[in-house]
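Q: mind folding the following:
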Amino acid sequence: MRRSRRGFTLIEMTIAVAISALLVGGIYEALVSSQRTAEALGMDSGKEAARTRAVELLKADLRARLKLKVTPGKEDSAALLLSTTSDTLAVGELKRALEDIRYTASPAGLRREEGKSGPIELSTGAVVFEFWEQAAWRKQTTGDPLAIRILFAEPEEVVVIR
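A: Below you'll find the model as predicted:
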């Protein structure tokens with residue numbers, strides 16, 4: 001008797017399905033990994049944009065300052081109190097006038113308070129102010145520092161404003 005060989009055997013089909021499953025699983029893992037990477041990069045770029053905005057605001061306020069005072073805060077925080085003539089951030093107001101502005105650096109982030117308006121969260125993650133005084137960086141200062149160093153965490157970054 002003669003058997004005709006049409007089609008595949010059960011073993012051949014099982015091997016083909018197993019190889020296909022491995023290929024599909026690998027492609028799925030690659031897609032999930034690239035999606036996670038894209039999300040992480042998006043979050044990092046958002047944090048970087050927020051930091052850039054915060055530093056630019058602080059630079060503008062420092063350039064237009066009339067006086068500067070540094071005060072220690074609660075729970076390892078420090079505050080910069082500025083009297084400045086830089087532009088206001090108040091919604092609906094386009095004015096340039098003398099404003100009292102408070103920047104607070106703490107383990108929770110960097111905040112900016114302007115006049116009577118509430119605080120604006122400029123950056124999340126731990127932020128520390130240090131001041132260049134008498135040839136060293138210090139956490140507190142008694143006078144007008146020559147430079148201010150801002151230490152950001154998550155991811156780490158150091159910005160010096162002179």
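Q: residues of stretch 108-117 that come out buried?
A: 109-114 (16 or more other C-beta atoms under 10 Å). Placement of C-beta: from N, CA and C, glycine included.
Q: and the contacts of stretch 137-148?
A: Stretch 137-148 has contacts (C-beta atoms under 8 Å, 6 or more residues apart in numbering) with 58, 62, 68, 70, 72, 78, 80, 128-133, 149, 160-162.
Q: make that stretch 151-162, sorry
A: By C-beta under 8 Å, 6+ apart, stretch 151-162 touches 44, 47, 51, 55, 58-59, 62, 123-130, 146-150.
Q: ok, of these, which come out buried?
A: For the contacts of stretch 151-162, buried by 16+ other C-beta under 10 Å: 47, 51, 55, 58, 62, 123-130, 148-150.
Q: tell me the one of these nearest Leu10?
A: Lys47 (55.3 Å; C-beta to C-beta).
Q: can you list the low-confidence ranges for this structure?
A: Across the chain, the ranges flagged by pLDDT under 70 are 1-4, 73-75, 86-98.
Q: where do the helices sit along it?
A: 10-63 (DSSP state H).
Q: how many residues are close by the residue nearest to Ala54 when sequence neighbours are not counted?
A: In space, and not counting its chain neighbours, Ala54 is closest to Leu122: 3.6 Å by C-beta to C-beta, 6 or more residues apart in numbering. Number of residues near Leu122 (other C-beta atoms under 10 Å) recorded here: 20.
Q: contacts only, for Leu122.
A: With C-beta under 8 Å, 6+ apart, Leu122 has these contacts: 50-51, 53-54, 57, 109-112.
Q: give me that answer again for 6 Å
A: By C-beta atoms under 6 Å, 6 or more residues apart in numbering, the residues touching Leu122 are 54, 110, 112.
Q: from Ser106, how far off is Gly26?
A: Per C-beta to C-beta, to the nearest Å, Gly26 is found 45 Å from Ser106.
Q: give me the more crowded residue out of those two.
A: Counted by other C-beta under 10 Å, Gly26 and Ser106 do not tie: Ser106 has more neighbours, with 18 against 10.
Q: for the more buried one, give the beta-bridge partners.
A: Gly109 (DSSP bridges).
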